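Colleague: no letters, just coordinates:
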């Protein structure tokens with residue numbers, strides 16, 4: 001599920017939005033597993049949060065590029 005930064009750069013906007021949705025769902029599942037004591041590796045939660053931030057950064061960069069292109 002976790003894509004590298006270069007793979008994210010190559011995705012189109014729709015794919016990035018879908019990846020963001022899936023990653024947020026993964027974060028939710030990790031939070032539930034942590035709350036119930038089933039999560040062995042707490043570092044996974046940090047990795048998923050960073051991945052969400054990366055995806056949001058790429059989406060925002062695309063939005064800015066589109067806005068500048070329409071001027």
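Modeller: Arrived safely. Here the structure is a predicted model, which means the values were calculated and not measured.

Colleague: from here on, contacts and neighbour counts on C-alpha atoms
Modeller: OK.

Colleague: all helices for the protein, in order.
Modeller: 5-10, 13-35, 43-69 (DSSP state H).

Colleague: what packs against the last one?
Modeller: It refers to helix 43-69. Judged by 3 or more CA pairs under 8 Å, 6 or more residues apart in numbering; DSSP states H and E, helix 43-69 is in contact with helix 5-10, helix 13-35.

Colleague: and the pLDDT for the most centrally placed residue in the chain?
Modeller: Closest to where the C-alpha atoms of the chain average out (CA atoms, centre = their mean) is residue 52, at 2.8 Å. Here the pLDDT value assigned to residue 52 is 97.

Colleague: over to residue 10?
Modeller: pLDDT, read off for residue 10, is 86.

Colleague: how about residue 61?
Modeller: 93.

Colleague: okay, now it: neighbour count?
Modeller: 12 (other CA atoms under 10 Å).

Colleague: ok so, going back, could I get the contacting residues of the residue nearest to the centre of the chain?
Modeller: By CA atoms under 8 Å, 6 or more residues apart in numbering, residue 52 lies in contact with 20, 23-24.
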